[in-house]
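Asks: sequence and predicted model, in that order:
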Amino acid sequence: MSATDTPIAAEPEVIAEVRGRAGFLTLNRPKALNALSLGMVRALTGWLLAWRDDPQVLAVAVRGAGRDGPFGAFCAGGDIRFLHRAGSQGDPALEDFFTEEYALDHLIHVYPKPYVAFMDGIVMGGGMGIGQGASRRIVTERTKMAMPETAIGLFPDVGGGYFLSRTPGRVGEWLALTGETIGGADALAYGLADAVVPSADLPVLWDGLGAQDFAGAAAVEGWLAQHGDTAAGQGSAPRERIDRFFALESVPATVAALERPDAGDWAHATAAVLRKRSPLMLHVVLEQIRRARALDLAGDLRMERGLVRHCFFLRPGQSETIEGIRALVVDKDHSPRWNPARIEDVPAEAVAAFFASPWPAHAHPLRWLAGG
């Protein structure tokens with residue numbers, strides 16, 4: 001083999017380094033907008049566990065690599081092409097992915113050291129899972145944040161029930177059901193971010209975290225508090241209407257109210273979005289968010305782990321999720337065949353079935369999670 005024939009080693013999907021007193025993680029699948037693979041979940045978990053017990057490392061920072069260099073895209077979610085293939089073929093790696101991803105999300109929420117998420121660019125789905133548990137959630141003017149799972153017949157998982165249900169008023173129901181995308185300022189207003197930093201300042205902040213001679217974790221937190229705008233506004237969405245419509249008792253009641261002739265343009269546009277989503281999963285999601293308000297993080301993640309098992313494996317030939325991914329990502333015909341087809345035709349027993357745990361408590365794959 002000549003020198004020119006030597007294979008080039010692929011870059012790692014997660015780049016890890018320690019500089020100064022901080023550990024740095026860079027998601028490195030820019031062409032896929034850093035969508036999480038099982039290998040990435042395992043790499044992130046491994047580094048976080050190693051640094052948790054390393055006295056040299058006082059803090060951890062995570063970012064995504066953009067197409068043109070660092071930053072610009074945080075994480076677009078899980079690798080949904082993998083989810084479609086694995087779900088269609090009954091691949092047990094799918095079960096491993098969700099169990100390990102949710103365990104990673106829990107680890108981040110309870111991490112004993114400062115964990116800083118640089119949530120620049122797209123922050124969706126699984127990206128929210130590895131960002132919302134951060135002790136410092138940094139967003140920018142480029143942030144595009146959403147939990148858009150109802151568009152693919154899924155639900156806002158990765159702890160989405162927990163963190164969405166704790167947003168002001170009924171913002172959680174609105175974001176979960178519609179999958180609406182919000183910017184950095186709105187994320188701050190709704191309690192989904194801690195500081196807005198200009199995207200141009202991110203490299204200096206990232207490098208500065210590794211250049212400071214911190215005495216301890218408190219010094220890290222104090223230094224971070226000096227950067228970014230933390231003054232939350234009211235948000236740009238029409239909160240009075242969100243709280244009024246999305247507090248109604250059911251999805252059909254909400255849609256009927258939104259579609260009233262006198263409800264206004266915003267309401268009619270919102271109803272049109274909901275009419276495109278999986279009717280069954282809209283009902284499931286509303287129940288998820290409302291149950292989650294009474295759960296701690298561990299309880300919510302255990303509930304969601306059961307929900308995802310139902311989504312992929314417990315409705316043979318009728319998976320809304322596999323059909324949704326097919327329509328939006330695989331075939332791209334954008335014409336999912338939802339079952340049932342209408343919001344008004346979803347039977348209560350079909351929704352209730354999703355909340356029956358597939359496992360007894362002692363056998364749940366996330367039984368060991370605590371608190372959070």
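Replies: Perfect, thanks for sending it.

Asks: elements contacting the lowest-mean-pLDDT helix or strand in the chain?
Replies: Taking mean pLDDT, DSSP states H and E as the measure, helix 80-89 is the helix or strand of the chain with the lowest mean score, a mean of 85. With contacts taken as 3 or more Cβ pairs under 8 Å, 6 or more residues apart in numbering; DSSP states H and E, helix 80-89 sits against helix 93-109, helix 297-313, helix 320-325. Using the backbone N, CA and C atoms, a C-beta is placed for each residue, glycine as well.

Asks: out of these, which comes closest to E180?
Replies: Among these, the nearest to E180 by Cβ to Cβ is helix 320-325 (17.3 Å).

Asks: ok, back up a step: buried residues, the least confident helix or strand of the chain. List them.
Replies: By neighbour count on 16 or more other Cβ atoms under 10 Å, the buried set for helix 80-89 is 80, 82-87.

Asks: what sits up against that helix?
Replies: Contact with helix 80-89 is made by 35, 37-38, 91, 93-94, 97, 152, 312-313, 319, 321-322, 325-326, 329-330, as judged by Cβ atoms under 8 Å, 6 or more residues apart in numbering.

Asks: buried among these? Make that a ChimeraX selection.
Replies: Listed next is the ChimeraX selection for buried residues among the contacts of helix 80-89, using 16+ other Cβ under 10 Å:
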select :35,37,38,94,97,152,312,319,321,322,325,326
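
Asks: dump the buried residues of helix 80-89 into TSV; add distance to T254 as well.
Replies: Listed next are these as TSV, based on distance: Cβ to Cβ, whole Å:
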residue	distance to T254
I80	27
F82	33
L83	28
H84	29
R85	34
A86	33
G87	29
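
Asks: quick one on the thing from earlier: how about the helices and strands packed on helix 80-89 in a markdown table, adding distance to E249 and mean pLDDT?
Replies: Formatted as a markdown table, the helices and strands packed on helix 80-89 follow (distance: least, Cβ to Cβ, whole Å; pLDDT from 0 to 100):
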| stretch | distance to E249 | mean pLDDT |
| --- | --- | --- |
| helix 93-109 | 29 | 96 |
| helix 297-313 | 20 | 95 |
| helix 320-325 | 23 | 92 |
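
Asks: make TSV out of these and add distance to L192.
Replies: Formatted as TSV, the helices and strands packed on helix 80-89 follow (distance: least, Cβ to Cβ, whole Å):
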stretch	distance to L192
helix 93-109	14
helix 297-313	15
helix 320-325	24
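
Asks: nearest to G160, out of those helices?
Replies: Going by Cβ to Cβ, the one of these nearest G160 is helix 297-313, 7.4 Å.

Asks: measure how that closest one sits relative to helix 93-109, angle-wise.
Replies: With axes from the mean of the first three to the mean of the last three Cα atoms, to 10 degrees applied, the angle from helix 297-313 to helix 93-109 works out at 160 degrees.
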